[in-house]
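A.B. asks: Generate coordinates for the sequence data below:
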Amino acid sequence: MLSRNFRIREGLLALDYSSADEQCLRYLEFLQQYVRIDRLELMHVVKKSGFFEQLFAADAERMRKLFPSAEEQRQRMQALAEAHLGQTNIQLAYEVENGQPLEELLEELEEQRTDLLVLGKKPLAQGAGVLSRNLARRSPSSLLFVPPLAEPLKLGRFMVPVDFSENSALALQAACALARRLPQPPQIDCVHVYRMPDPHIYNINQTQAEFEELLLSSTKEAYENFLDNYLPKDMPRMELQLIQRGRLSTAGHLYDWAEDHRPDLIFLGAKGHTALKTLWLGSVSEKIIQLNEAFPCFIIR
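C.D. replies: Residues are numbered from 1 along each chain as shown. Next comes the predicted model:
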């Protein structure tokens, strides 16, 4: 479990032969210096078109060029992976399937009991990343998103958005677990977005300034209780970064904070529903992923 020891026993990297593959492999090559990754499966799903199969049914050579064999696909994946991970201790495996990418990948995650699903995010010009978003919504495992502009590769500062829930506690504990593995402790920023309501709506006999002071005091008290309950005892307490919500969404404010402060990693909690064996991101986490073009992001379940 990533929130405890940050060891990845079983990882899955979904490949689509876009620029996102190279970005993910480069990041895993960097990350494995600090994180133990026992096994990584690289998987590509060939989504065949019935139209082309019928059109070229009598032309086997044409079909072979359109749809390389499973062995040719494995060789291509192996060349990609070994260029970055061939000299590491990670056990590499390769899987090629035919069918619907979403369903095949979800089935593989269940069968392998995967700890971490690694997904790249294409630049906006290359596509909207619909498959990645659907995988993120339904994955039973934690995720690592590697955006196209994740540079430079370092681990000196972590951002953990918190709402004092158990979901954000998992994200904080995962950040602490990774921090223990680093030669130099990173700066961990817990960031909370709060809304300032109008005191007159609640018939509170206080000025706006008095009401704001009361709200901030209550928020800080909730944060201290959150740390008491969830922060590992060997980790130093970190100061809460507060953002008052304005016209932007909560996710918009959090991403603005990230752009201003440039964290090397963002840790987000997900809403787990074990009965459904799915991972529900919640609107804030999902929106941050959609906005994010620069910061590697762990979604912890």
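A.B. asks: Show me what the longest strand along the chain packs onto, helices and strands only.
C.D. replies: Scanning the chain for the longest strand, with DSSP state E as the assignment, gives strand 37-46. Judged by 3 or more C-beta pairs under 8 Å, 6 or more residues apart in numbering; DSSP states H and E, strand 37-46 is in contact with strand 8-14, helix 19-31, helix 70-85, strand 91-98, helix 101-112. In short, each C-beta sits where N, CA and C put it, glycine included.
A.B. asks: try 7 Å this time
C.D. replies: Counting contacts by 3 or more C-beta pairs under 7 Å, 6 or more residues apart in numbering; DSSP states H and E, strand 37-46 packs against strand 8-14, helix 70-85, strand 91-98, helix 101-112.
A.B. asks: so of the ones you listed, which one's packed in deepest?
C.D. replies: Mean neighbour count (mean count of other C-beta atoms under 10 Å) peaks for strand 8-14 among these, with a mean of 22.
A.B. asks: Pairing partners for that strand, with directions?
C.D. replies: Using DSSP bridges, the strands paired with strand 8-14 are strand 37-46 (parallel), strand 116-120 (parallel).
A.B. asks: With distance to N225, mean neighbour count and mean pLDDT as added columns, please give these in JSON lines.
C.D. replies: What follows is the strands paired with strand 8-14, written out as JSON lines (distance: least, C-beta to C-beta, whole Å; neighbours: other C-beta atoms under 10 Å; pLDDT from 0 to 100):
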{"stretch": "strand 37-46", "distance to N225": "35", "mean neighbour count": "20", "mean pLDDT": "94"}
{"stretch": "strand 116-120", "distance to N225": "30", "mean neighbour count": "25", "mean pLDDT": "93"}
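A.B. asks: Am I right that G252 sits in a helix?
C.D. replies: Yes. G252: assigned to a helix according to DSSP: H, G, I helix; E, B strand; the rest coil.
A.B. asks: now the helices and strands packed on strand 37-46 as a markdown table including distance to R39 and mean pLDDT?
C.D. replies: Shown next, in a markdown table, are the helices and strands packed on strand 37-46 (distance: least, C-beta to C-beta, whole Å; pLDDT from 0 to 100):
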| stretch | distance to R39 | mean pLDDT |
| --- | --- | --- |
| strand 8-14 | 5 | 95 |
| helix 70-85 | 11 | 93 |
| strand 91-98 | 4 | 94 |
| helix 101-112 | 9 | 90 |
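A.B. asks: how about these, which one is nearest V146?
C.D. replies: Smallest distance to V146 across these (C-beta to C-beta): 9.7 Å, for strand 8-14.
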